[in-house]
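In: Need coordinates for the following:
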Amino acid sequence: MSLLSVQDLRTYFHTRNGVYRAVDGVSFELDRGETLGIVGESGSGKSVTGYSLMGLIPQPPGRIESGRALFDGVDLLNCTPAQARSIRGKRISMIFQDPMTSLNPYMRISDQLIEPLMIHDEISKTEALQQALAMLDAVGINDAASRIHYYPHEFSGGMRQRVMIAMALITKPELLIADEPTTALDVTVQAQILELIQKMQAEIGMGVIFITHDLGVVSGLCDRVQVMYAGRIVETADTRTLFYEPKHPYTQALQKSIPAMQPKGAELYTIQGLPPDLSKPLPGCSFAPRCEFATDLCRRDPRPELTSISAGHQQACLRVQAGEL
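Out: Next comes the predicted model:
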């Protein structure tokens, strides 16, 4: 049985300028101990997918229009507030993209770190502080014993990010949603954090949803990858298959955009154009206006659905499905 099963998730934002279909029919499953990577450009719906599962979509203007997200038998999208409180922060944790806006500037780091332990585990403050110190050491904060009582503004951006990671991992969750967790960190610390996540996975069988722009991190960390564009999944496969046999033109374009993949001295490859306006109807394939292989059929036909190519490998390109690419 899967740890998490998401079916037809649709999250829209109702604004004065129209309805933005940020997530438009996303389905996937995650097993215990598995790492699922979600990649795509900014605005593709990656983070909104994570916020929807955590119940953190601002309402209004956001609204979860449809879907189910079964976590160990509980539908996260339709559970009671009491059920949500018992799961969120304890069994499911999230590392947010911007640590400065996620930490309370009026509270010391120590109080913010021990809060989930004291609420969910009902342990003493002394014991909670000991666990908090151990977790700060694990994420690479030197002299944690004195710095644990600092305020967020007394840490650098990278240090605040490490505190956020410590807060997410301190309750040893069954599911971790990591939204660009290593963006503000240098390469050495990034490797330490990824190693820590993998270590905790091995210890407690934690499932991880890893949201990132960094395809290099995905290739070394994730078991499976799903590529999102314009609120939909356009390709999903195990990591090796996706990197060695990408089928969807958008996936291929993302890989060609990696600077390390370019010949030395050559001009860097860029995907032409901009992501579509999600408040307007999208006839045909949403990637067609930017795709070098698009035909009139791609722009005119109904939006293509995910179709299996092989076991565990699905993609949503009409021309690939027709055997033309």
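In: quick one: pLDDT of the residue sitting nearest the centre point of the chain?
Out: Most central in the chain under CA atoms, centre = their mean is Ile211, positioned 2.6 Å from the mean C-alpha point. If you check Ile211, the pLDDT there is 92.
In: helix or strand for it, which one?
Out: Taking DSSP states H and E as the criterion, Ile211 maps to strand 207-212.
In: Now do that strand: which elements does it pack against?
Out: When contacts are defined as 3 or more CB pairs under 8 Å, 6 or more residues apart in numbering; DSSP states H and E, strand 207-212 sits against strand 35-39, helix 46-54, strand 175-179, helix 215-221. Quick note: C-beta positions are derived from backbone N, CA and C, even for glycine.
In: Go again with 7 Å.
Out: strand 35-39, helix 46-54, strand 175-179 (3 or more CB pairs under 7 Å, 6 or more residues apart in numbering; DSSP states H and E).
In: Show me what the second one is packed against.
Out: Spelled out, it's helix 46-54. Using 3+ CB pairs under 7 Å, 6+ apart, the elements in contact with helix 46-54 are strand 4-15, strand 18-30, strand 92-95, strand 175-179, strand 207-212.
In: Show me the contact partners of that helix.
Out: For helix 46-54, contacts defined as CB atoms under 7 Å, 6 or more residues apart in numbering pick out 9, 11, 22-23, 26, 38, 40, 57, 64, 69, 76, 88, 92, 94, 97, 177, 179, 209, 211, 228.
In: least trustworthy helix or strand in this structure by mean pLDDT?
Out: Here the helix or strand of the chain ranked lowest by mean pLDDT, DSSP states H and E is helix 99-102, holding a mean of 71.
In: Go ahead and measure how far the helix or strand following that one is from the middle of the chain.
Out: Using DSSP H and E, the helix or strand that follows helix 99-102 in sequence is helix 109-116. Averaging C-alpha positions (CA atoms, centre = their mean, to the nearest Å) puts helix 109-116 24 Å from its chain's average.
In: what comes up buried for the next helix or strand after helix 109-116?
Out: Using DSSP H and E, the helix or strand that follows helix 109-116 towards the C-terminus is helix 125-138. Buried residues in helix 125-138, defined by neighbour count with 16 or more other CB atoms under 10 Å: Ala128, Leu129, Gln131, Ala132, Leu133, Met135, Leu136, Ala138.
In: picking up where we left off before, I'd like to check the angle between the strand holding Ile211 and strand 35-39, please.
Out: Relative orientation of strand 207-212 and strand 35-39, computed by axes from the mean of the first three to the mean of the last three CA atoms, to 10 degrees: 20 degrees.
In: List the strands paired with strand 207-212, with their directions.
Out: Strand 207-212 pairs in its sheet with strand 35-39 (parallel), strand 175-179 (parallel), by DSSP bridges.
In: Tabulate those in JSON lines, adding columns for distance to Tyr51.
Out: Shown next, in JSON lines, are the strands paired with strand 207-212 (distance: least, CB to CB, whole Å):
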{"stretch": "strand 35-39", "distance to Tyr51": "12"}
{"stretch": "strand 175-179", "distance to Tyr51": "8"}
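In: out of the ones you listed, which comes closest to Asp111?
Out: Asp111 lies closest to strand 175-179 among the strands paired with strand 207-212, at 22.3 Å (CB to CB).
In: and the angle from the closest one to helix 46-54?
Out: Angle of strand 175-179 versus helix 46-54, following the same axes, to 10 degrees, is 150 degrees.
In: Now the element after strand 175-179, going C-ward?
Out: Going down the chain from strand 175-179, the next helix or strand is helix 187-204, by DSSP H and E.
In: Go ahead and measure how far that next one is from the middle of the chain.
Out: In this view, helix 187-204 has its centroid 16 Å away from the chain centroid, taken as CA atoms, centre = their mean.
In: how about the strand holding Ile211 as PDB, C-alpha atoms only?
Out: Extracted in PDB, the C-alpha atoms of strand 207-212 (Å, rounded to 0.1, in the frame of the first residue of the first chain):
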ATOM      1  CA  GLY A 207       9.000   9.200   2.000                       C
ATOM      2  CA  VAL A 208      10.200  12.400   0.400                       C
ATOM      3  CA  ILE A 209       8.700  14.700  -2.200                       C
ATOM      4  CA  PHE A 210      11.600  16.800  -3.500                       C
ATOM      5  CA  ILE A 211      10.600  20.000  -5.400                       C
ATOM      6  CA  THR A 212      13.500  21.600  -7.200                       C
END
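In: what sits up against it?
Out: Strand 207-212 is contacted by residues 3-4, 30-39, 46-47, 50, 174-180, 197, 201, 218, 221-222 when judged by CB under 7 Å, 6+ apart.
In: ok so, going back, so in terms of bridging, what pairs with the residue nearest to the centre of the chain?
Out: Beta-bridge partners recorded for Ile211 (DSSP bridges): Ile38, Asp179.
In: who's Gln314 bridged to?
Out: In this entry, Gln314 is beta-bridged to Thr236, Ser308, by DSSP bridges.
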